[in-house]
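Asker: mind folding the following:
(2 chains)
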Amino acid sequence: MNMMSEAAVEQAVNTKAGATVPVKMKARKVGVFYGDKQALFDVDLDVREKHVTALIGPSGCGKSTFLRCLNRMNDTIDGCRVTGDITMDSANIYDPSVDVVELRASVGMVFQKPNPFPKTIYENIVYGPKIHGLVSSKAEMDEVVETSLRKAGLFEEVKDRLQESGTGLSGGQQQRLCIARAIAVSPEVILMDEPCSALDPIATAKVEELIDELRENYTIVIVTHSMQQAARVSQRTAMFHLGNLVEEGATDHMFTNPDDQRTQDYITGRFG
Amino acid sequence: MPEESKVSAASAHTVSSYDEELQYLVRRISEMGGVAERMVEQSVHALVNSDHSLSQKVISDDLLVDEAERQIDEKAVLIIARRQPMASDLRDIIGSIRIAADLERIGDMAKNIAKRVIAVEGLGQPKKLVRGLEHLTELALNQLKDVLDAYSNRSPEAASIVRERDEEIDAIYTSLFRELLTYMMEDPRNITACTHLLFCAKNIERIGDHATNIAESIYYMTTGTQPDNERPKDDETASVSVSAK
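Answerer: Purely as a prediction, here's the structure:
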């Protein structure tokens, strides 16, 4: 890859990604260092607009590290250094002029463990829009609460207890509350780091259903340890191993006939 | 690509019981293939030599093949439910189901030939026709043997060769078809025997087709792609006629 010219890399990535679909975020030669230790090597990846991109790979392969580069969550880790370029709509997100708080509003994130604020359901949703100055009147707040909860498929379940604590909900509901909270600030991209690993199969199915609906309006990148989940929810899959992007391709292809032996071994349960 | 599939078939799953389950399918398919092969051989042997007890054996052996297909199907469904297989494993399992179905049909064809032994007996089959039938059988059995070897060796190349060669069987079948028609025209007393032989020849030609299907399944299992070129065909019996002179 190092031998390839920039244009050739561009060509190769575009051809694989199918150049007809607009690219929302673009990573080029992205490397991540934790102190002296390099965790990610020269990752070239296109995140396609209004698609679900799944990042898979064994523990420690760099998939979560890569995900956290996309909204600069790695900035919060001491000694962490990111090299290479990441752009969203052609604008460099690591440019010094970028307001990181704004960036994280447009590139929202949902974590492995549901982490609602220890506040009411209502407060959980309006907190973000308020600090970003998106809402001011009570009517506006009511509206953002309802639309966000509706988009997250949670409104009907919680509409009569919006003033109750968000932490009192079931795990699956809490996770959908976190998704609603991310949606409330009108993001363009939603990052999900193993959003279902703490949920039972029914709650998982609801979140997966939600991801499928959200795809209409948002670009989604999801890290998952479940191959079946990646196969079910995503259109594109990227496989990481030892800090390298092994291959990226259409999900249907990746799970029936992957090009790389490492992908084949990983998804069939042969890594040892 | 074939290299890749060989490697992965050899390397073990983290969960070893998964390997055992996949191995079970491979073993059962090979056994089933062996039985089907023998049935075809014995059915034609019984036909040519009017061997009743051998034909009875072929008829009863068909139960073994039917049972094997059921077991393979059940195991395949169980593995899918239990392991949610991906990539080459998934293709292997789907391939096993398809191949078992083709082998089961081959068993049926052999049984059908065996059933005709009584009808054909004593009608004095013309030697030349019998030889034609034997030759056709030889080709079909070769195809079956080679495709089963291609299965055990996971060889898409060997499978492709089998697929290409089906043309030969079709050509022989077409010429046998013509000959049978000619015999019937020459002497109406030949019609009963010839009609039965015609069905036998058709069965054998179909066995060749099933071997081709199996070859295509093997190609898909091992490479993940379908063989792309249209298979050569030389079965022209649909347009064959012999006019009375």
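Asker: count of residues packed around the closest residue to chain B within the stretch 101-250 of chain A?
Answerer: Nearest residue of the stretch 101-250 of chain A to chain B: residue A:228, at 5.3 Å (CB to the nearest CB). Where C-beta positions appear, they are placed from N, C-alpha and C, glycine not excepted. Residues lying near residue A:228 (other CB atoms under 10 Å in any protein chain shown) number 13.
Asker: tell me how many other residues crowd the residue nearest to it when sequence neighbours are not counted.
Answerer: Spatially, and ignoring its direct neighbours in sequence, residue A:228 is nearest to residue B:84 (5.3 Å; CB to CB, 6 or more residues apart in numbering or on different chains). The number of residues packed around residue B:84, counting by other CB under 10 Å, is 14.
Asker: return the set of buried residues in the helix or strand hosting the residue of the stretch 101-250 of chain A closest to chain B.
Answerer: If you go by DSSP states H and E, residue A:228 is part of helix A:227-233. Neighbour counts over helix A:227-233 (16 or more other CB atoms under 10 Å in any protein chain shown) mark A:227, A:229-233 as buried.
Asker: convert the C-alpha atoms of it to CSV, please.
Answerer: Output in CSV follows, covering the C-alpha atoms of helix A:227-233 (Å, rounded to 0.1, in the frame of the first residue of the first chain):
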residue,chain,number,x,y,z
MET,A,227,-20.8,-11.7,13.2
GLN,A,228,-24.5,-12.3,12.9
GLN,A,229,-25.3,-8.8,13.9
ALA,A,230,-22.8,-7.4,11.5
ALA,A,231,-24.3,-9.5,8.7
ARG,A,232,-27.8,-8.5,9.7
VAL,A,233,-27.5,-4.7,10.1
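Asker: tell me which residues are up against stretch B:206-219.
Answerer: If you take CB atoms under 8 Å, 6 or more residues apart in numbering or on different chains as the criterion, stretch B:206-219 is touched by B:40, B:95, B:98-99, B:102-103, B:105-106, B:109-110, B:139-140, B:143-144, B:146-148, B:150-151, B:154-156, B:159-160, B:162-163, B:166, B:169-170, B:225-227, B:231.
Asker: could you look up the SS state of residue B:12?
Answerer: With DSSP: H, G, I helix; E, B strand; the rest coil as the basis, residue B:12 sits in coil.
Asker: ok, the residue nearest to it when sequence neighbours are not counted to residue B:89 distance?
Answerer: Ranked by CB to CB, 6+ apart and with sequence neighbours excluded, the top spatial neighbour of residue B:12 is residue B:19, at 5.5 Å. Separation of residue B:19 from residue B:89 (CB to CB, to the nearest Å): 10 Å.
Asker: and the two? Which one has more around it.
Answerer: More crowded of residue B:19 and residue B:89, by other CB under 10 Å: residue B:89, with 25 against 17.
Asker: what is the helix or strand that one falls within packed up against?
Answerer: Under the criterion of DSSP H and E, residue B:89 resides in helix B:87-115. Judged by 3 or more CB pairs under 8 Å, 6 or more residues apart in numbering or on different chains; DSSP states H and E, the packing partners of helix B:87-115 are helix A:261-267, helix B:2-10, helix B:16-49, helix B:52-83, helix B:191-223.
Asker: for residue B:26, give its distance to residue B:18.
Answerer: Relative to residue B:18, residue B:26 is positioned 13 Å away (CB to CB).
Asker: looking at the two, which has the bigger crowd around it?
Answerer: Neighbours of residue B:26 and residue B:18, each counted by other CB under 10 Å, are more numerous for residue B:18; the result is 19 against 15.
Asker: now do the contacts for the more buried one.
Answerer: A:269, B:79, B:83, B:89.
Asker: if you tally nearby residues, what's the number for residue B:31?
Answerer: By the criterion of other CB under 10 Å, residue B:31 has 14 neighbours.
Asker: I meant to write residue B:41 there.
Answerer: For residue B:41, using other CB under 10 Å, the count is 18.
Asker: for it, what are its contacts?
Answerer: B:137, B:141.
Asker: can you pull the pLDDT of it?
Answerer: Residue B:41 carries a pLDDT value of 96.
Asker: now the residue in chain B positioned nearest to chain A: closest residue in space that isn't a chain neighbour?
Answerer: The nearest approach of chain B to chain A comes at residue B:224, 3.0 Å away (CB to the nearest CB). For residue B:224, ignoring the flanking residues on the chain, the nearest one in space by CB to CB, 6+ apart is residue A:257 at 3.0 Å.
Asker: so residue B:110 is in contact with residue B:60, correct?
Answerer: No. At 11.7 Å, residue B:110 does not count as touching residue B:60 under the criterion of CB atoms under 8 Å.
Asker: what parts of the stretch 151-272 of chain A come near chain B?
Answerer: Residues of the stretch 151-272 of chain A found near chain B (CB under 8 Å from any CB of the partner chain) are A:227-228, A:231, A:255-258, A:261, A:263-265, A:267-272.
Asker: buried members of the residues you listed into PyMOL, please.
Answerer: Buried members of these, defined by 16+ other CB under 10 Å, are picked up in PyMOL with:
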select buried, chain A and resi 227+231+255+256+257+258+263+264+265+267+268+269+270
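Asker: is it true that residue A:146 touches residue A:158?
Answerer: No. In this structure residue A:146 lies outside contact range of residue A:158 using CB under 8 Å: 10.6 Å.
Asker: these two - which one has more neighbours?
Answerer: A direct count of neighbours by other CB under 10 Å for residue A:146 and residue A:158 places residue A:158 higher, at 20 against 14.
Asker: after the helix or strand hosting that one, which helix or strand is next?
Answerer: Residue A:158 is part of helix A:155-158 when elements are defined by DSSP H and E. Remark: after helix A:155-158, the chain's next helix or strand is helix A:171-184, criterion DSSP H and E.
Asker: got the CA positions of that following helix in CSV?
Answerer: What follows is helix A:171-184, C-alpha atoms only, in CSV (Å, rounded to 0.1, in the frame of the first residue of the first chain):
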residue,chain,number,x,y,z
GLY,A,171,-31.3,-2.1,29.7
GLY,A,172,-32.7,-2.2,26.2
GLN,A,173,-34.8,0.9,26.8
GLN,A,174,-31.8,2.7,28.3
GLN,A,175,-29.8,2.0,25.2
ARG,A,176,-32.6,3.3,23.0
LEU,A,177,-32.7,6.4,25.3
CYS,A,178,-29.0,6.9,24.6
ILE,A,179,-29.7,6.6,20.9
ALA,A,180,-32.5,9.1,21.3
ARG,A,181,-30.1,11.4,23.2
ALA,A,182,-27.6,11.2,20.3
ILE,A,183,-30.3,11.9,17.8
ALA,A,184,-31.6,14.9,19.7
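Asker: packing partners for it?
Answerer: strand A:107-110, helix A:121-131, helix A:138-151, helix A:155-158, strand A:189-193, helix A:201-214.
Asker: so for residue 17, what's the pLDDT?
Answerer: No chain was given, so I picked chain A. Here, the pLDDT recorded for residue A:17 equals 49.
Asker: my bad, the chain I had in mind was chain B
Answerer: In this model, residue B:17 is scored at 87, pLDDT.
Asker: surely residue A:163 touches residue A:145?
Answerer: No. Between residue A:163 and residue A:145 there is no contact, the gap being 10.9 Å when judged by CB under 8 Å.
Asker: between the two, what contacts are shared?
Answerer: Common contacts of residue A:163 and residue A:145 (CB under 8 Å, 6+ apart): residue A:122.
Asker: those two: which is more packed in?
Answerer: More neighbours surround residue A:145 than the other of residue A:163 and residue A:145, with 24 against 9 (other CB under 10 Å).
Asker: and the residue of the stretch 151-272 of chain A found nearest chain B, what is it in contact with?
Answerer: Chain B sits closest to residue A:257 of the stretch 151-272 of chain A, with a gap of 3.0 Å, by CB to the nearest CB. By CB under 8 Å, 6+ apart, residue A:257 lies in contact with B:87-88, B:91, B:223-225.
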